[in-house]
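Colleague: Okay, structure incoming, though there's no sequence with it:
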């Protein structure tokens, strides 16, 4: 599929490079730049667009909504998140909060259904003794919203949840909860977490059941993994294409997200579209294997 730039996952065609919309000032100039970047990304073949209601005080979602007006909805995969208050001074996973946030996101994006709805950094509450009960209640809410046509799939978007040195979330347990709620047809199908040249724990750290890595566990459980912070929020900008190639070549990594707030960045990063990902042998050689 065009040098494997696209991958099939959960019945959807995903571009292996996705556009993120986290960084930037909450002002009109940044909105205009993001709108132009998103249009350039779609024109160049990127179809995965990632955001959150709390990104830039809702302005990222609204900019996306304007940018995709007139685009065939079936051609793009839209992802958003809920969990944080808009000012990030609080965090909640209770159903009424999740539902209110998704309803607001759908209005901001001017769409009827989100493709992937993430619970945002649920590890914020991981120390709570009833953490998995809270996740069960949140999953029940997500399954109910899926049944109402508000979302296609849901998942968790984490920062440290699967890559901390200890006390990580169990993907097996989360999938088991989803199956208890909705059976084999559950909609918990996505994980997003940082993955880059400096943060490669999803591949190298074996903390899931059976001594497996997060990527191995996800493959076994039918969960699709999307990498964020691909160029480490700009820290790897000088070698952006190398960083993107590393991430998108990782076995089990479906999409690598890069924040792109202007068309020039999009054009530069889209050069990777003409390059096949590394072979498995080439990739393992990076780790000296």
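Modeller: That came through, no problem. The structure presented is a predicted model; accordingly, all values stated were derived computationally and were not measured.
Colleague: Identify the residue nearest the residue sitting nearest the centre point of the chain in space, chain neighbours excluded?
Modeller: The chain has residue 192 as the residue nearest its centroid, 4.2 Å off, counting by Cα atoms, centre = their mean. Leaving aside its sequence neighbours, residue 192 sits nearest to residue 157 (Cβ to Cβ, 6 or more residues apart in numbering; 4.0 Å). In this view, the C-beta of every residue, glycine as well, is placed from N, C-alpha and C.
Colleague: How about the backbone phi and psi for the one you found?
Modeller: phi -110, psi 110 (degrees, to the nearest 10).
Colleague: again with residue 90
Modeller: phi -160, psi 160.
Colleague: Nearest spatial neighbour of it, chain-adjacent residues omitted?
Modeller: Spatially, and ignoring its direct neighbours in sequence, residue 90 is nearest to residue 84 (7.3 Å; Cβ to Cβ, 6+ apart).
Colleague: what does residue 217 give?
Modeller: Here the residue nearest residue 217, using Cβ to Cβ, 6+ apart, is residue 208, at 3.9 Å.
Colleague: how about residue 219, secondary structure?
Modeller: Here residue 219 is helix, with the state taken from DSSP: H, G, I helix; E, B strand; the rest coil.
Colleague: Number of residues surrounding it?
Modeller: Other residues near residue 219 come to 15 when the count uses other Cβ atoms under 10 Å.
Colleague: picking that back up, pretty sure the residue nearest to residue 90 is touching residue 121, no?
Modeller: Yes - contact criterion Cβ atoms under 8 Å: residue 84 and residue 121 qualify, at 7.3 Å.
Colleague: what do those two both touch?
Modeller: residue 91 (Cβ atoms under 8 Å, 6 or more residues apart in numbering).
Colleague: And the strands in the stretch 151-289 of the chain, which stretches?
Modeller: If DSSP state E, counting those that start in this stretch is used as the criterion, the strands of the stretch 151-289 of the chain fall at 151-157, 188-194, 224-228, 253-259.
Colleague: can you redo these as TSV with distance to residue 272 and mean pLDDT?
Modeller: Below are those laid out as TSV (distance: least, Cβ to Cβ, whole Å; pLDDT from 0 to 100):
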stretch	distance to residue 272	mean pLDDT
strand 151-157	23	98
strand 188-194	19	98
strand 224-228	14	98
strand 253-259	9	98
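Colleague: what about those strands, which gets the closest to residue 29?
Modeller: Taking Cβ to Cβ, strand 253-259 is the member of these nearest to residue 29, at 16.2 Å.
Colleague: tilt between the closest one and strand 224-228?
Modeller: Relative orientation of strand 253-259 versus strand 224-228 (axes from the mean of the first three to the mean of the last three Cα atoms, to 10 degrees): 30 degrees.
Colleague: what inclination does strand 253-259 have with respect to strand 188-194?
Modeller: Counting by the same axes, to 10 degrees, strand 253-259 lies at 50 degrees to strand 188-194.
Colleague: which residues make contact with strand 253-259 from outside it?
Modeller: 7, 9, 14-23, 48, 50, 192, 195, 202, 215, 224-231, 233-234, 240, 244, 247-248, 265, 269.
Colleague: Now, those that are in helices?
Modeller: Counting by DSSP state H, the contacts of strand 253-259 place 202, 215, 240, 244, 247-248, 265, 269 in helices.
Colleague: Show the pLDDT at residue 235.
Modeller: Per-residue confidence (pLDDT) for residue 235: 54.
Colleague: buried set for stretch 147-159?
Modeller: Neighbour-count burial for stretch 147-159, counted by 16 or more other Cβ atoms under 10 Å, picks out 150-159.
Colleague: Low-confidence regions, the stretch 151-289 of the chain specifically.
Modeller: Along the stretch 151-289 of the chain, the parts satisfying pLDDT under 70 run over 233-238.
Colleague: wait, what's in contact with the closest residue to residue 186 other than its chain neighbours?
Modeller: Excluding the flanking residues, the one nearest residue 186 by Cβ to Cβ, 6+ apart is residue 178, at 3.8 Å. Listed by Cβ under 8 Å, 6+ apart, the contact set of residue 178 reads 139, 143, 186-188.
Colleague: re earlier: can you tell me how far the residue nearest to residue 192 sits from residue 194?
Modeller: To residue 194, residue 157 is 10 Å away according to Cβ to Cβ, to the nearest Å.
Colleague: same question, residue 51
Modeller: Taken as Cβ to Cβ, the span from residue 51 to residue 194 is 17 Å.
Colleague: How about residue 85?
Modeller: In terms of Cβ to Cβ, residue 85 sits 22 Å off from residue 194.
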